[in-house]
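Enquirer: Take this sequence and fold it.
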Amino acid sequence: MDLRTLMSRCLGFVLGKRMDSDLDDELRSHVDFAVEENLGRGMPEAEARREALRNVDCRLWKCWRRTFVMLCGSCGSRRGLQSRLW
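Expert: Model (predicted):
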């Protein structure tokens, strides 16, 4: 294990809950903003929230998939892993 990996794991262990909390706050603000936009377009509140959650979920999935493909491409095993997931 190299020094970079060790430092990354230590920081993840120490700051993990704080980073999770920061991410939750960020996602919540995106959803709240999207709900407000949808309400401004005349959607009922329940529909506005459902649409906002769906859109944020789709963006997160696309981001995760891009990151996954990039990481697998760098280790040379993208085809095998992608065929199992998609």
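Enquirer: Go ahead and flag the most central residue of this structure.
Expert: Residue closest to the average C-alpha location in the chain (CA atoms, centre = their mean): Leu60, at 3.9 Å.
Enquirer: and the helix or strand where it lies, what does it pack onto?
Expert: For Leu60, the enclosing helix or strand under DSSP states H and E is helix 45-75. Identification of packing neighbours for helix 45-75 by 3 or more CB pairs under 8 Å, 6 or more residues apart in numbering; DSSP states H and E yields helix 3-40, helix 78-85. In short, each C-beta sits where N, CA and C put it, glycine included.
Enquirer: In JSON lines, list these along with distance to Arg65 and mean pLDDT.
Expert: Putting these into JSON lines (distance: least, CB to CB, whole Å; pLDDT from 0 to 100) gives the following:
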{"stretch": "helix 3-40", "distance to Arg65": "17", "mean pLDDT": "81"}
{"stretch": "helix 78-85", "distance to Arg65": "9", "mean pLDDT": "47"}
